[in-house]
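# Compute the structure for the input listed below.
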Amino acid sequence: SDVYKRQGINAEYMGYCENRKMIRAITKLTGPQGSRMFSAARDYDLAIIGGGPGGYVAAIKAAQKGLKTICIEKRGALGGTCLNVGCIPSKALLNSTNSYKHAKHLFPKLGIKTGNLGYDIKQIMKQKEEAVTGLTKGIETLFKKNKVDYAKGTGSFCSKNEIDVKLNDGKQDKIRAKNIIIATGSDVSPLPGEPLKIDEKIVVSSTGALSLKEVPKKMIVIGAGVIGLELGSVYQGLGTEVTVVEYMDKVMPFADGEVSTFMQKYFTKEGFKFLMGHKVVGGSVGENSAKVIVENNKTGEKKEYQADIVLVATGRRPYTAALKASDFGVKMDKQGRIEINDHLQTSVPGVWAIGDVVRGAMLAHKAEEEGIACVENILGEHGHVNYNAIPGVIYTHPEVAFVGKTEEELKKENVAYNRGFFPMMGNSRARAMHDAEGFIKVLADKKTDKILGVHMISSVAGEAIAEAVLAIEYGASSEDVGRTCHAHPTMSEAVKEACLAAHGKPIHFQSLTFTQKHYLSYICLLYTSDAADDTPCVDLGGRR
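Now for the predicted structure:
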């Protein structure tokens, strides 16, 4: 009995064991991770398919609240795409690249001598893997501490409340649960029509780009979104010539227009080449390189480009195909996402869905919040997610972060607003650290002063955005934040100043008169070689 308790086998199954021979037979079927093979289904209060940010967080929260919980993950390592082949490894690589760039360009200015500077791509990849392994093992430890059962295998519905699990060791398991959460995440989207097929060697997805054995001389990135710009930055910082092909007319099409314009200019200055308003219509893959044919959306003109590596970064799609959930009544929308109501319930009672498989932004932290809210709803505790207070971050250097409405959205919705702007050049710590690229922009309701949106570009934007998220979550006004004491000198003072600008006037930045803005615009056009007449170079208060 003590042995079975240590191995986590539920006491109710002891009833099957009528003699010592049967006990020994079941013991042989007990895997090293506690995966077992019984003829009858194992019963749980909650079964979660998918061990990514949404799934594993929901599992831990459910166990903390007393639910008998199992998490099923096919990868064999917890954390999902984010931890294994997404957010975490990409940040590890970006950290290496940024450190190298600082040593190369900033250290001499700081008076630091480095001698012969170089990098070791094998070590860069090794430290990335060490970070990933350490974190995945950490989640397994959290599962054990919180008494969450963990099945390493692929789960699929065999009834509305039962899951067949094909274990990674070749065995089979069956789980019966009162509630099931689908948290299977997303997969890489191929190019429309697949003019180039991903082989993870020459034509790679984000997964392949995270494990290149050599730094390519030339790379074509298809897609100027989060993945394309982050991974493009990794290799551009190490010397790769990066060309970005984007179907839309601006980088980060989802971002505030002013942010998008600034970042495209910054990336261009860093050495990126952009083909905006273009699509990939063909290509071929050789032994060591690929040719890509792109077409101008307006003129139809086609050009051919060659690169050592082609990164397909055109987005992701929900991963639901192997679930067989639709066979038992779970409804899907036209994009292949699982349909849910405002409480994260699917069309089948007792079946719930969260994260990338449902509507909304495909973000790890959004999935985590939904995971917790879902468990609370299962328990009748009225879980809720404020989708207007979900931040987005792009971890380039400088970083881009935003929460709430963009100016374009407010104009489209006919919402009157005040705009507060503060450049990082006005921040004393940013200037002292020679790290003053970017700005903070606050959008507040013209009548109530309630903060509606915050957009920032800064080396610490990913951290500083938390203050803006909290402000929006609590319905703060720009005056509230502007009157809140911020430590000096800190980068976060720029948020305070932008809020002061939205409510009245900032302290450390002089608002320009119309004549001054007009003159400054002319000067910027003269000194910015890639500027067009309709392209703002700096903040001009919305006027040319």
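# Any buried residues in the lengthiest helix in the chain, and which?
Secondary structure of the chain per DSSP state H: the longest helix is helix 121-145. Using 16 or more other C-beta atoms under 10 Å as the test for burial, helix 121-145 gives 124, 125, 128, 131, 132, 135, 136, 139, 140, 142, 143. All C-beta spots, glycine's among them, are computed from the backbone N, C-alpha and C.
# Run through who's touching that helix.
51, 56, 59-60, 71, 77-79, 83-84, 88-89, 92-93, 96, 148-150, 210-215, 238 (C-beta atoms under 8 Å, 6 or more residues apart in numbering).
# Mind giving me the packing neighbours of whatever helix or strand comes next after it?
Once the chain leaves helix 121-145, the next helix or strand it forms, by DSSP states H and E, is strand 149-159. Here strand 149-159 touches strand 42-49, strand 69-73, helix 121-145, strand 162-167, strand 172-182, going by 3 or more C-beta pairs under 8 Å, 6 or more residues apart in numbering; DSSP states H and E.
# Please enumerate the helices of the stretch 401-544 of the chain.
Taking DSSP state H, counting those that start in this stretch to define them, one finds helices in the stretch 401-544 of the chain at 407-412, 428-432, 461-473, 478-482, 493-503, 514-527.
# what's the closest of those helices to residue 310?
Between residue 310 and the helices of the stretch 401-544 of the chain, the tightest spacing by C-beta to C-beta is seen for helix 461-473, at 28.1 Å.
# Show residues contacting that closest one.
So helix 461-473 is in contact with 386, 388-391, 393, 395, 398-404, 438, 440, 442, 451-452, 454, 456, 458, 476, 480-481, 491-492, 494-495, going by C-beta under 8 Å, 6+ apart.
# Let's see which of these end up in strands.
393, 399-404, 440, 442, 451-452, 454, 456, 458 (DSSP state E).
# which of those lies closest to residue 222?
residue 400 (20.1 Å).
# List the contacts of the closest residue to the closest one other than its chain neighbours.
In space, and not counting its chain neighbours, residue 400 is closest to residue 394: 4.1 Å by C-beta to C-beta, 6 or more residues apart in numbering. Residue 394 makes contacts with 226, 229, 230, 252, 400, 401, as judged by C-beta under 8 Å, 6+ apart.
# thinking the second one is in contact with residue 254, fair?
Same thing as residue 229. No - using C-beta atoms under 8 Å, residue 229 makes no contact with residue 254, being 12.0 Å away.
# what about the residue nearest the centre of the chain, distance to residue 257?
In the chain, the centroid-proximal residue (C-alpha atoms, centre = their mean) is residue 363; its distance is 4.5 Å. Distance, residue 363 to residue 257, by C-beta to C-beta, to the nearest Å: 21 Å.
# Residue 466 too?
Distance from residue 466 to residue 257, by C-beta to C-beta: 24 Å.
# Which one of residue 229 and residue 254 is surrounded by more residues?
Between residue 229 and residue 254, counting by other C-beta atoms under 10 Å, residue 229 is the more crowded of the two (26 against 13).
# That one falls within a strand, correct?
No - Residue 229 is assigned helix when assessed by DSSP: H, G, I helix; E, B strand; the rest coil, not a strand.
# what's around the nearest residue to it once chain neighbours are set aside, how many residues?
Closest residue in space to residue 229, ignoring its immediate chain neighbours: residue 396 at 5.6 Å, by C-beta to C-beta, 6+ apart. As a burial measure, residue 396 scores 26 neighbours (other C-beta under 10 Å).
# and what of the one 10 residues further on?
Other residues lying near residue 406 total 21 when counted by other C-beta under 10 Å.
# do the same with the one 10 residues further on
Here the count is done by other C-beta under 10 Å, and residue 416 has 9 residues near it.
# that older thread, buried only: go through the contacts of helix 461-473 for me.
389-391, 393, 395, 398-404, 438, 440, 442, 451-452, 454, 456, 458, 476, 480-481, 491-492, 494-495.
# re earlier: need the helices of the stretch 401-544 of the chain in CSV with mean pLDDT and distance to residue 66, can you?
CSV is the format used below for those (pLDDT from 0 to 100; distance: least, C-beta to C-beta, whole Å):
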stretch, mean pLDDT, distance to residue 66
helix 407-412, 97, 42
helix 428-432, 96, 47
helix 461-473, 98, 28
helix 478-482, 98, 38
helix 493-503, 97, 40
helix 514-527, 50, 61
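# what about those helices, which gets the closest to residue 158?
Here helix 461-473 is closest among the helices of the stretch 401-544 of the chain (C-beta to C-beta), at 40.8 Å.
# Need the CA coordinates for the closest one. CSV is fine.
Extracted in CSV, the C-alpha atoms of helix 461-473 (Å, rounded to 0.1, in the frame of the first residue of the first chain):
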residue,chain,number,x,y,z
ALA,A,461,9.4,48.7,-22.5
GLY,A,462,8.6,45.1,-21.7
GLU,A,463,9.0,45.8,-18.0
ALA,A,464,7.6,49.4,-18.0
ILE,A,465,4.3,48.3,-19.7
ALA,A,466,3.2,46.6,-16.5
GLU,A,467,2.5,50.0,-14.9
ALA,A,468,0.3,50.9,-17.8
VAL,A,469,-1.5,47.5,-17.7
LEU,A,470,-2.3,48.1,-14.0
ALA,A,471,-3.5,51.6,-14.7
ILE,A,472,-6.0,50.3,-17.3
GLU,A,473,-7.1,47.4,-15.2
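# With that, I have no additional questions.
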